[in-house]
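what follows is a protein structure lacking sequence information:
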């Protein structure tokens with residue numbers, strides 16, 4: 001494991017190969033994340049074995065790029081919003097809507113929340129000090145038909161029928177949907193978050 005028994009040139013080559021692999025991994029992991037999210041309306045869905053990686057080091061590394069650590073799926077799942085439903089990366093210059101149809105709110109036994117992160121993975125500073133939307137962050141606005149609409153944009157939508165999650169004024173961002181005590185349908189992928197729609 002430590003290169004003992006290898007000549008200095010072989011040790012140097014081994015160290016370079018490890019360094020090159022480590023340097024390339026974040027880019028490859030991000031590309032993998034982007035490609036996988038394209039298949040499911042822009043959401044990177046958790047694999048059934050998340051939090052229990054065994055020897056799948058690539059998967060472990062991908063999870064580390066998206067967020068440090070993860071619970072096992074029976075405790076919580078964290079679909080990550082990488083792109084909008086059309087496959088375009090999120091940008092603060094745009095306005096978006098995430099709509100959970102009547103009866104289709106994230107199926108979580110305990111609670112769910114949608115959180116916004118900027119391109120560097122930090123919470124987005126905003127005048128409301130609002131960093132996530134969910135039933136435990138009242139008041140959650142529900143439409144007359146039971147739908148839940150979340151406006152994801154930098155400026156106040158001035159619409160009392162939607163929930164506003166402020167985005168950065170410019171630059172990329174991503175979303176994290178957290179379901180604590182997710183239903184079997186959410187764990188299996190039978191329930192998936194709807195694609196986020198760019199508006200205006």
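All right, it came through fine. Computed from a predicted structure; not experimentally measured. Residues are numbered from 1 along each chain as shown.

identify the residue nearest the most centrally placed residue in the chain in space, chain neighbours excluded?
For the chain, residue 80 is the residue whose C-alpha lies nearest the centre (Cα atoms, centre = their mean; 1.6 Å). In this structure, residue 80 finds its nearest non-sequential neighbour in residue 44, 4.3 Å apart by Cβ to Cβ, 6 or more residues apart in numbering. In short, each C-beta sits where N, CA and C put it, glycine included.

did I read that right, residue 12 in a helix?
Yes. Checked against DSSP: H, G, I helix; E, B strand; the rest coil, residue 12 lies within a helix.

any idea what residue 176 is bridged to?
residue 80, residue 115 (DSSP bridges).

likewise for residue 164?
With DSSP bridges as the rule, residue 164 is bridged to residue 151.

tell me the mean pLDDT for the strand or helix carrying residue 15?
Secondary structure from DSSP states H and E places residue 15 in helix 8-38. Helix 8-38 comes out with an average pLDDT of 64.

tell me which helix or strand comes right after the worst-scoring helix or strand of the chain on mean pLDDT.
Here the helix or strand of the chain ranked lowest by mean pLDDT, DSSP states H and E is helix 57-66, holding a mean of 55. The element immediately downstream of helix 57-66 (helix or strand, assigned by DSSP H and E) is strand 76-77.

partners of that next one in the sheet?
Sheet pairing for strand 76-77, using DSSP bridges, gives strand 173-182 (antiparallel).

buried ones in the partner strand?
173, 174, 175, 176, 177, 178, 179, 180, 182 (16 or more other Cβ atoms under 10 Å).

surely the fourth one and residue 77 touch.
No. Using Cβ atoms under 8 Å, residue 176 makes no contact with residue 77, being 10.7 Å away.
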